[in-house]
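A.B. asks: With the input below, show me the fold.
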Amino acid sequence: MHKGACLCGAVNFEVADDLSPVEACHCEQCRKWTSHFLASTEVKRSDLTVTGSDSLSWFHSSEKVRRGFCSVCGASLFFDPIDQEKHDWVGVSMGAIDTPTQTKMALHIFVAEKGDYYEIDDGLPQNPY
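C.D. replies: Now for the predicted structure:
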């Protein structure tokens, strides 16, 4: 069981299973949404329980994805593919998880769009898109 919350504690969540390896997304949208890059883990929808959903707001950043955030403190929490028949998972922001995660960063995606103020030199795979 992994627990997490937004900055103010209005939105809490639990993940009932182990966390998948972490992906770091460097796309322009994730950078603007988090102010750096998004480190997230994919969890099965059925393993995710959210409380305080009255404070959870969704921004549809494209026709394919919506992003969940706390409407009180603004914390970036979830990356949710809209086509749930194709995608039985939700991306959970690693920074919002309170408990030890027992997982590691696995790869970087959308590195062609990364910010120019940092380098990626951890030796992990880097996908341009």
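A.B. asks: Who does Ser93 form a beta bridge with?
C.D. replies: With DSSP bridges as the criterion, Ser93 is bridged to Ser40.
A.B. asks: pLDDT wise, what is it at?
C.D. replies: As predicted, Ser93 sits at a pLDDT of 98.
A.B. asks: same thing with Gln84?
C.D. replies: Confidence for Gln84, expressed as pLDDT, is 76.
A.B. asks: my read: it touches Arg45, true?
C.D. replies: Yes. If you go by C-beta atoms under 8 Å, Gln84 and Arg45 touch, sitting 7.0 Å apart. Using the backbone N, CA and C atoms, a C-beta is placed for each residue, glycine as well.
A.B. asks: Tell me where the protein has helices.
C.D. replies: Taking DSSP state H as the criterion, the chain carries its helices at 28-34.
A.B. asks: any idea which residue sits dead centre in it?
C.D. replies: Closest residue to the average C-alpha location of the chain: Ser93 at 3.1 Å, with C-alpha atoms, centre = their mean.
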